[in-house]
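1. for reference, the sequence and a predicted model appear below.
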Amino acid sequence: MTTSKDPTYIQTFDFAGKNITLEDTEAMSDDEQENFIEFKAGDKLPEIKVMDDSGDDPARGEWGNKLDFLFSCISVSVGLGNVWRFPYLCYKNGGGAFLIVYFIAMTFCGIPIFFQEVAMGQYLGSGGMTLVSQLCPMLKGVGIATMVVVFFLDIYYCVIIAWTFFYLFSTFSTLPDLPWDTCDGWWNTDDCFRPTDNMTANDILLSKYEMHNVTKKGITSLVRKTTTPVEEFWDHRVLQKNGGLEYGLGTVQWELVGCLLIAWVCVYLIIAKGLHSSGKIVWFTALFPYFVMFILLFRALTLEGAIDGLAYYVHVDWSKLLDGTTWIDGATQIFFAYSVGMGALPALGSYNKFHHDCFKDAIITCIVNTLTCLLAGVLVFSILGYMAHIQETTIHEVVNSGPGLVFLTYPDLVLSLPGSVVWATIFFVMLLVLGVDSEFCNVEALVTGIVDNWPDQLLKHRRKFTVCLCAFLFCLGIPLVTNGGIFMFQLMDFYSCSGMALLWVCFFQTVAIGWVFGAQRFCDCVEQMTGHKPNLFWYLCWKYFAPMVMFTVFVFYILSYTAVTYGNDYKYPKWAEYMGLCMSFSSMIWVPGYAIYYLATQPGTLMQNLRTGMSPNMNMRKEANIAIKLQQNLREGFTPNIKRMQTLAKPPPLHVSESGVGLLRDNSEYEMGNLRRDDSFNI
């Protein structure tokens with residue numbers, strides 16, 4: 001007796017570079033053939049528009065193409081943190097010693113966490129405020145702390161843009177000269193010294209200045225007290241700073257207030273339509289600064305004394321490595337420059353298609369970022385060497401290092417260029433591009449984080465909410481453009497957005513992903529999106545190296561804590577130091593505070609709440625659910641069922657990624673609402 005064998009119908013498709021075979025004992029019907037979509041990676045994809053439940057505009061936008069995301073990552077991570085902050089921290093911490101700490105943090109913390117943030121944002125489709133709470137509900141405070149850090153950052157970052165606008169407008173105020181190239185201004189003092197290229201003439205001029213007793217590190221010596229026109233323009237014209245916070249904030253600088261208002265208007269106009277609508281803008285903002293910097297670099301390297309500045313740049317003062325401030329500055333600078341722990345990277349990643357290979361973009365961005373920092377360092381230290389050569393002093397003593405270092409070195413450089421007004425204009429336009437570029441990404445991160453946390457109330461009113469937030473942040477920035485504003489600025493830069501606060505946020509975020517959610521589980525998520533699994537180095541960084549480095553630096557800094565100073569000599573009063581520490585604690589407190597609140601307010605017992613709080617509660621993108629099921633099927637050797645891949649009359653919308661969909665019925669724009677998710681595969 002013979003038994004007839006049922007025919008087998010086979011359909012194949014590609015998923016993330018792997019061939020999937022679907023088998024069934026029945027052929028598909030005409031309706032199924034008509035509605036079935038063949039998945040095939042690699043072919044040219046039609047544009048796909050993901051609709052929200054109402055069928056109106058997209059609920060969450062996506063990048064127009066892959067390069068928009070790459071250039072946005074470069075734009076948000078390459079900015080004033082590289083050109084403005086890196087050089088002054090390197091100068092402050094002795095050059096080479098700072099670079100050692102910087103590269104250690106970059107290798108084991110910066111690059112791995114940068115990729116981690118982008119990948120998790122892409123996987124979950126959410127911004128920084130809700131990211132950690134989905135992986136570890138008890139640590140939702142990490143997301144809140146991130147938003148507090150970004151909130152402080154957005155306040156004072158725009159002040160840098162205001163300073164830049166002031167310089168740009170001042171460039172045209174004394175044509176054909178520049179206002180910082182004279183000692184005859186109403187803001188200049190008797191100590192102002194304008195050097196020339198003739199060293200003999202400089203010696204004669206310097207002999208006319210009185211000698212002063214200066215005590216540093218317990219050693220008193222006689223020196224000629226002189227300041228450059230560039231330095232006096234910055235201190236007495238732009239800032240019009242007073243003697244310190246013990247003298248109060250002083251009067252408001254209305255010129256700077258106007259510049260601050262212009263800065264916020266520019267930021268709002270760029271982000272008004274949402275970050276994904278700004279894709280083309282970031283192409284220009286990411287590339288233009290390099291054009292300017294390479295031209296300035298060529299001139300800086302040809303200045304007399306530049307080689308001495310570069311020697312100072314790479315010279316290692318080993319005693320600096322025993323200073324906790326060097327470690328905290330170097331470690332957190334990599335986070336600050338990469339925008340790690342700020343919520344911006346998950347927000348950028350959340351606009352990606354699910355199967356986008358963000359690993360390559362992350363590596364490219366980190367390399368570009370680091371090279372930009374080093375390039376800016378070469379520029380600044382070459383100029384410092386030139387300034388020290390002209391003033392016949394040491395590089396360590398040539399300027400009073402502080403957050404305004406970039407406004408002392410670059411303006412001095414353009415004075416040595418032919419057509420200095422033109423070059424000053426180009427430089428400050430470049431600085432504006434970098435500043436506005438970084439600021440609108442950071443504000444977008446804050447907006448995205450808050451809107452994602454309360455989507456029902458805020459998503460439909462995103463534009464109005466953005467206007468109100470920008471206006472509020474503008475008002476909070478006004479105290480920073482007073483006579484004592486620069487001292488408040490330094491406090492905020494050190495305590496609120498870097499140092500302990502930023503390290504604390506990054507540590508608990510890494511612990512939440514690497515230990516609570518699980519580094520191995522995260523590797524699986526990356527494999528589901530990109531089709532390849534991260535190697536052992538990345539796993540060890542996420543699990544062990546990054547948390548260990550951050551914990552060690554944090555403890556070492558606490559044990560060797562010293563208060564922040566402005567420049568080389570000004571020490572803050574104790575109440576100002578305590579105010580700075582309160583800024584740090586205002587973000588740090590949310591992590592343990594919310595954990596205690598969660599354990600105390602959940603309905604279960606303490607242990608039940610602890611287990612629940614340590615268990616992921618992810619609101620994943622629809623593509624992630626499909627990817628998880630496919631990954632499980634591949635590992636179990638199970639074959640999905642074609643017959644059950646049927647359509648519904650009114651299915652919920654489905655996000656579709658470039659590796660998820662290959663061939664559609666036609667080349668027109670198509671809303672993916674015809675693939676039933678729950679019954680797509682026989683799981």
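-> Noted; the coordinates are in hand. Numbers count the residues shown, from 1 in each chain.
2. G143 versus F115, what's the distance?
-> Between F115 and G143 the distance is 19 Å, computed by Cβ to Cβ, to the nearest Å. Placement of C-beta: from N, CA and C, glycine included.
3. who's more crowded, the two?
-> Under the neighbour definition other Cβ atoms under 10 Å, F115 and G143 were set side by side, and G143 has more, 29 against 25.
4. neighbours of the closest residue to K571 other than its chain neighbours, how many?
-> Leaving aside its sequence neighbours, K571 sits nearest to T565 (Cβ to Cβ, 6 or more residues apart in numbering; 5.5 Å). By the measure other Cβ under 10 Å, the count of residues near T565 is 16.
5. so T565 touches E577, yeah?
-> No - judged on Cβ atoms under 8 Å, T565 makes no contact with E577 at a distance of 10.1 Å.
6. quick check, pLDDT for I642.
-> Looking at I642, its pLDDT stands at 40.
7. and for E439?
-> Residue-level confidence at E439 comes out at 85, pLDDT.
8. in contact with it, which residues are there?
-> 154, 157-158, 161, 263, 267 (Cβ atoms under 8 Å, 6 or more residues apart in numbering).
9. please, which helix or strand holds it?
-> Counting by DSSP states H and E, the element that carries E439 is helix 420-453.
10. and that helix, what's buried?
-> 420-421, 423-428, 430-453 (16 or more other Cβ atoms under 10 Å).
11. one more: stretch 516-527?
-> Neighbour-count burial for stretch 516-527 flags 516-519, 522-526 (criterion: 16+ other Cβ under 10 Å).
12. which ones among those lie within helices?
-> Here DSSP state H is the test, and the buried residues of stretch 516-527 give 519, 522-526 as lying in helices.
13. would you turn those residues into a markdown table with distance to D177 and pLDDT?
-> Conversion of these to a markdown table gives the following (distance: Cβ to Cβ, whole Å; pLDDT from 0 to 100):
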| residue | distance to D177 | pLDDT |
| --- | --- | --- |
| A519 | 59 | 92 |
| F522 | 58 | 92 |
| C523 | 60 | 92 |
| D524 | 63 | 89 |
| C525 | 59 | 89 |
| V526 | 57 | 90 |
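14. and stretch 556-574, end to end?
-> When the termini of stretch 556-574 are compared using Cα to Cα, to the nearest Å, they are 22 Å apart.
15. re the thing from before, show me the contacts of E439 that map onto helices.
-> Using DSSP H, the contacts of E439 in helices are 154, 157-158, 161, 263, 267.
16. and those residues as a markdown table, adding distance to F489 and neighbour count?
-> Converted to a markdown table, those look like this (distance: Cβ to Cβ, whole Å; neighbours: other Cβ atoms under 10 Å):
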| residue | distance to F489 | neighbour count |
| --- | --- | --- |
| D154 | 14 | 26 |
| Y157 | 10 | 27 |
| C158 | 11 | 28 |
| I161 | 13 | 24 |
| A263 | 14 | 26 |
| V267 | 18 | 28 |
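17. nearest to C366 among those?
-> Y157 (21.1 Å; Cβ to Cβ).
18. check what pLDDT the closest one gets.
-> According to the per-residue confidence, Y157 scores 90 in pLDDT.
19. so what's D308 closest to, chain neighbours aside?
-> Closest residue to D308 in three dimensions, ignoring its sequence neighbours and counting by Cβ to Cβ, 6+ apart: G385, at 4.3 Å.
20. what about that neighbour, how many neighbours?
-> Using other Cβ under 10 Å, G385 has 24 neighbouring residues.
21. I'd say it and L301 touch.
-> No - here G385 does not reach L301: they are 10.1 Å apart, not a contact under Cβ under 8 Å.
22. remind me which residues of the stretch 1-150 of the chain are low pLDDT?
-> For the stretch 1-150 of the chain, residues meeting the criterion pLDDT under 70 lie at 1-66, 68, 72, 75-77, 127-129.
23. go again using 90 as the cut-off
-> Within the stretch 1-150 of the chain, the ranges that satisfy pLDDT under 90 run 1-89, 91-96, 118, 120-135, 143-144, 146-147, 150.
24. can you give me the strands for it?
-> 9-15, 18-24 (DSSP state E, counting those that start in this stretch).
25. by mean pLDDT, flag the weakest helix or strand of the protein.
-> Least confident element among the helices and strands of the chain, by mean pLDDT, DSSP states H and E: helix 30-35 (a mean of 44).
26. thinking again about what came up before, spatially, which two of the buried residues of stretch 516-527 are the most separated?
-> Once Cβ to Cβ is applied, the buried residues of stretch 516-527 give V516 and V526 as the farthest pair, at 17.2 Å.
27. does V368 touch C73 like I think?
-> No - contact between V368 and C73 fails when scored by Cβ under 8 Å: they sit 9.0 Å apart.
28. so which of these two has more stuff around it?
-> Using other Cβ under 10 Å as the criterion, V368 and C73 rank with C73 on top: 29 against 18.
29. gap between the more buried one and L432?
-> When Cβ to Cβ is applied, the distance between C73 and L432 equals 20 Å.
30. do N483 as well
-> Taken as Cβ to Cβ, the span from N483 to L432 is 24 Å.
31. can you check F298 too?
-> 22 Å.
32. now do the phi/psi pair for the residue nearest to the spatial centre of the chain.
-> The centroid of the chain falls nearest to S339 when counting by Cα atoms, centre = their mean (2.0 Å). Dihedral angles of S339 (phi, psi; degrees, to the nearest 10) stand at phi 60, psi 30.
33. then Y570?
-> When read as degrees, to the nearest 10, the backbone of Y570 gives phi -80, psi 120.
34. what's the answer for Y597, then?
-> On the backbone of Y597 - angles per degrees, to the nearest 10 - the values are phi -60, psi -40.
35. got a list of what it touches?
-> If you count contacts by Cβ under 8 Å, 6+ apart, Y597 has none.
36. measure it to T612 for me?
-> In this structure, Y597 lies at 14 Å from T612, with Cβ to Cβ as the measure.
37. same thing with Y247?
-> In this structure, Y247 lies at 53 Å from T612, with Cβ to Cβ as the measure.
38. now A376
-> In this view, A376 and T612 are 47 Å apart by Cβ to Cβ.
39. with neighbour numbers in mind, choose between those two.
-> Just comparing A376 and T612: by other Cβ under 10 Å the higher neighbour count belongs to A376, 26 against 16.
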